[in-house]
Structures are given as structure tokens and as C-alpha cells.
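Colleague: Dropping the sequence and predicted coords here.
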Amino acid sequence: MKKIAIVLSGCGVYDGAEIHEAVLTMLAASKLGILYQLYAPDMEQMHVINHLTGEVADEKRNVLVESARIARGNIKQLKDYSAAKYDALVFPGGFGVAKNLCSFAVDGVQLTVLPEVEKAVKETYEAKKPIGAMCISPVMIAKLITGANLTIGRDYATAEAIQNLGSTHIEADHIGVVTDHVHKIVTTPCYMLDSNIYQVATGAENMMNTLLEMM
């Protein structure tokens with residue numbers, strides 16, 4: 001039976017993992033009989049956003065602790081990830097990717113990537129195992145793997161950043177995936193477009209089917 005690792009960046013679209021994308025990725029994997037293990041870095045998140053008002057809250061939260069909400073407590077520290085144990089690595093989106101897993105939200109094309117994330121991605125890539133990236137996550141992948149074909153849908157500013165990082169951006173629709181067979185990377189736009197939850201679910205399923213073919 002195939003098994004994948006899914007990396008979360010907190011809990012909540014504005015400061016962590018996009019919850020729909022995370023849950024629907026787990027569902028898509030489960031429907032295909034793929035086992036999954038959730039991971040997150042043990043670190044303080046960049047800031048906390050009140051998801052009702054959109055304002056920054058005067059409090060601190062931990063990425064691993066917040067991600068454990070989505071994982072129902074079954075989550076491991078990202079530093080303990082080993083590509084040898086899994087058949088693929090997947091990153092749901094959410095601003096937590098751009099704020100906690102890397103610095104794209106602040107630094108744009110000059111972003112840096114959390115060392116634990118960089119290690120996980122490069123270890124998986126060097127093992128020739130597939131990587132899935134949803135929503136904003138492909139920007140982070142572009143920083144780590146040069147020359148890949150990626151999509152974030154039709155967000156032209158972010159697409160330009162992907163191009164400037166040395167990869168190729170390919171437009172995709174709400175349920176579309178872009179498959180890079182050479183680099184074994186599969187990306188789908190999710191909420192980078194004005195998607196509804198059914199379209200996000202379909203995109204997650206399309207991505208997971210493609211990843212399974214690559215495994």
C-alpha cells in the first residue's frame with residue numbers, strides 16, 4: 001500500500017494551512033487507498049490572524065500545535081521526515097506556506113525556505129519520488145527546484161515570481177493540474193482561483209490520481 005506525507009503550516013487560511021485543501025487532500029488519498037501521515041514544523045508562526053475580522057491578533061501560536069487540530073493529534077515534527085518512508089510528499093496551500101514554511105509573503109521572489117522544508121523537498125526529489133503542491137505552495141517549490149513546470153492558476157503576479165525563480169508557469173483552471181514528468185511534480189491552483197469547495201476537492205483528486213500514477 002502506498003503512503004504519502006502531507007506537510008501542514010498551521011490551521012487557517014490567513015496564517016496557516018488552508019483547512020479545506022488539507023482535509024480534501026487527505027480525503028482524496030483515502031479514496032484511492034493511499035495511507036498518509038501529517039507533518040508540521042515545531043515553530044512559532046509568523047503571526048496570528050483573527051479569521052473573523054482579518055486583523056492581526058495580539059497572541060502567539062505554534063505551527064505544529066495548530067496543525068495538530070487538523071490532524072486530530074496524529075502529526076509528527078517535520079524535522080523527523082524521511083523520504084525513504086513515503087512514496088510522495090504533498091503541500092496543501094494557505095498563507096501559512098508563504099509566512100511560516102517560507103518567507104514569500106514578506107520577501108517575494110527573494111524568499112527563503114525553512115530548512116526543514118528544504119531538506120524534505122530536496123530529499124524527496126533526489127529519491128525520485130513525486131511532490132504535490134497546491135495553491136501558493138508551487139512558489140516555494142520553484143525556489144527549491146529549478147526548471148520545473150508549475151501552476152498557481154492565473155494569478156499573474158505570483159506566476160511572474162515563479163518565472164523569475166527559474167521555473168515555467170503554466171495556466172490551469174479550477175480543477176486542472178500541471179504535471180512535470182521530468183521533475184515528478186504535480187501542482188493544482190485550488191483557492192488561488194475563485195474556486196468553490198467542490199472544485200478544490202476535484203483538483204485535489206486529480207492531483208492525487210496523477211501522483212499515484214507516478215509512484
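Modeller: Cool, got the structure. Numbering: from 1, shown residues only.
Colleague: Can you tell me the closest non-neighbouring residue to the residue sitting nearest the centre point of the chain?
Modeller: Among the residues of the chain, the one closest to the centroid is Phe91, at 2.2 Å (Cα atoms, centre = their mean). Spatially, and ignoring its direct neighbours in sequence, Phe91 is nearest to Ser137 (4.0 Å; Cβ to Cβ, 6 or more residues apart in numbering). (Glycine included, C-beta is placed from N, CA and C.)
Colleague: which ones are touching that neighbour?
Modeller: Counting by Cβ atoms under 8 Å, 6 or more residues apart in numbering, Ser137 touches 91-93, 97, 187.
Colleague: how about it, phi and psi?
Modeller: phi -60, psi -30 (degrees, to the nearest 10).
Colleague: Before we move on, what's the pLDDT of it?
Modeller: Each residue has a pLDDT score; the one for Ser137 is 98.
Colleague: can you check Lys129 too?
Modeller: 98.
Colleague: cool, and Asn100?
Modeller: So Asn100 comes in at 98 (pLDDT).
Colleague: Contacts only, for it.
Modeller: Taking Cβ under 8 Å, 6+ apart as the test, what Asn100 contacts is 9-10, 15-16, 41, 43, 45-46, 63, 114.
Colleague: In three-state terms, label it for me.
Modeller: Classification of Asn100 by DSSP: H, G, I helix; E, B strand; the rest coil places it in helix.
Colleague: quick one: it and Ser82, what's the gap?
Modeller: In this view, Asn100 and Ser82 are 22 Å apart by Cβ to Cβ, to the nearest Å.
Colleague: in the protein, which ranges drop under the pLDDT threshold?
Modeller: For the chain, no stretch has pLDDT under 70.
Colleague: Let me see the ranges of the helices in it.
Modeller: For the chain, helices defined by DSSP state H occupy the ranges 19-31, 63-71, 95-96, 104-107, 115-126, 137-144, 156-164, 197-214.
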